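**Student:** With the sequence up front, the predicted model follows.
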Amino acid sequence: MTKIVVVTSGKGGVGKTTTSAALATGLAMRGHKTTVIDFDVGLRNLDLIMGCERRVVYDLVNVINGDANLKQGLIKDKRVENLFILPASQTRDKDALTQEGVEKVLNGLRDMEMEYVICDSPAGIEKGALMAAYFADEAIVVTNPEVSSVRDSDRILGILSSKTRKAEQGEGDIPARLLLTRYSPERVDRGEMLSVGDVQEILAVDLLGVIPESQAVLNASNSGAPVILDLESDAGLAYADAVARFIGEERPHRFLTAAKKGLFGRLFGG
Amino acid sequence: MGIFSYLLPKKQNTASTAKERLQIIVARERSGRGGPDYLPQLQEELLAVVRKYVPVDPEAVNVQVDRESGCEVLELNITLPEGEDD
Ligand SMILES: Nc1ncnc2c1ncn2[C@@H]1O[C@H](COP(=O)(O)OP(=O)(O)OP(=O)(O)O)[C@@H](O)[C@H]1O
Ligand SMILES: [Mg+2]
């Protein structure tokens, strides 16, 4: 059985690609055969975050159009077994993604016995985002603790409950879980940032995880190694926990409280 | 922060303002979705008809589809302005 997962948000720049890369890598590290697909047609970026940008020959649209077969389009990760990347096309033609085309690619991945297919959605609620979500069995809604991101997440949740194939076929809502990223417990303590409880109360969905605001994410993208490979970082560990919860393990949430400061830090710290 | 922050007046808690504003807008946006695609149009035309006879606010006409034990009910609520009972 292949599970298709869309990583979506409505609002741009909240951490979908960072999350897709981490989730796919984390699943593969645990031995699950996984492909991560970049649906951001025109704005390919997942290849950079995965560190395989120089190995891109064909892309999603090439495979859809039959210019290349699926095996030619997939890039096999060099660090982690069982991990494949299908990059987005750089074409500006937004109609390049068709429902039949995407279905064909997903069926090909089913034939390859992928366990997970992670669909990195573009921002917005237009065609690209709808296409990334349409065939999903499950959704991860990436949200930042900030008003416009939370509102957009609620809109996306509404869209997910009516615009997926499962919803159209009357199979009901696909399960959707919240991943709150760029969380800063210090700012929550100071009353400057919505808390994880606030966001959960507003969106009323299950919480998959909380990823702290972390320098490690920029370091990871600089070097093209998904942050989950850095298990000395807070963000890397938080993503590893989220992956464990995703496959049904129980993990307590970490990094929700501000690090305690010593007397010196309390007097002079920022 | 640091020692001097204790001397400054406490800043207001903007997170709680954000939460209140979000709760209101999200509730409003949710109520307008999930129904059939024709609902907004239906609401607009109904409003126009009602307004031929009674001057009402746009919010006065509320159309909603409810599912009750297997059958769908189109619920229509029109609030008339006060003091119109002549
Ligand atoms: N936990 C985090 N801590 C710090 N920075 C982060 C974190 N998560 C994401 N970022 C930064 O936020 C920016 C946007 O991340 P990313 O590209 O993953 O978002 P996106 O939702 O895919 O954006 P788009 O909508 O453009 O596709 C990047 O610069 C990334 O490094
Ligand atoms: Mg992205």
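**Tutor:** Cool, got the structure. Ligands and ions are numbered 1, 2, ... in the order given.
**Student:** make it CA atoms for all contacts and neighbour counts henceforth
**Tutor:** Fine.
**Student:** Near ligand 1, which residues of chain A are found?
**Tutor:** Proximity of chain A to ligand 1 (CA under 6 Å from any ligand atom) is limited to residues A:12-18, A:122-123, A:181-182, A:211-215, A:217-218.
**Student:** Tell me where chain B is predicted with low confidence.
**Tutor:** For chain B, the stretches with pLDDT under 70 are B:1-11, B:34, B:67, B:83-86.
**Student:** Looks like B:K19 contacts A:D198 (just checking).
**Tutor:** Yes: with contact defined as CA atoms under 8 Å, B:K19 reaches A:D198; the gap is 6.7 Å.
**Student:** I'd like the distance from the helix or strand that B:R28 is a member of to the chain centre, please.
**Tutor:** In this structure, B:R28 sits in helix B:14-31 according to DSSP states H and E. Relative to its chain's centre, helix B:14-31 lies at 12 Å (CA atoms, centre = their mean, to the nearest Å).
**Student:** Restricted to buried residues, select the residues of chain A next to ligand 1 in PyMOL.
**Tutor:** To isolate the buried members of these in PyMOL, using 16 or more other CA atoms under 10 Å in any protein chain shown:
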select buried, chain A and resi 14+15+16+17+18+122+123+181+182+211+212+213+214+217
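**Student:** taking the residues of chain A next to ligand 1 one by one, which sit in helices?
**Tutor:** A:K16, A:T17, A:T18, A:Q215, A:V217, A:L218 (DSSP state H).
**Student:** which one of those residues is nearest A:L74?
**Tutor:** Nearest to A:L74 among those, counting by CA to CA, is A:T17 at 17.5 Å.
**Student:** Next up, the contacts around that closest one.
**Tutor:** A:N45, A:L46, A:I49, A:D120 (CA atoms under 8 Å, 6 or more residues apart in numbering or on different chains).
**Student:** Mind pulling up the pLDDT for it?
**Tutor:** Reported pLDDT at A:T17 in the predicted model: 98.
**Student:** What count of nearby residues applies to B:L76?
**Tutor:** 13 (other CA atoms under 10 Å in any protein chain shown).
**Student:** same question, A:V6
**Tutor:** A:V6 - counted by other CA under 10 Å - has 29 other residues nearby.
**Student:** can you tell me the helix or strand for it?
**Tutor:** Going by DSSP H and E, A:V6 is in strand A:3-8.
**Student:** what sits against whatever residue of chain B ends up closest to ligand 1?
**Tutor:** Across chain B, the shortest distance to ligand 1 (CA to the nearest ligand atom) belongs to B:A15, at 19.5 Å. B:A15 is in contact with A:V188, A:G191, A:E192, A:M193, A:L194, A:S195, counting by CA under 8 Å, 6+ apart.
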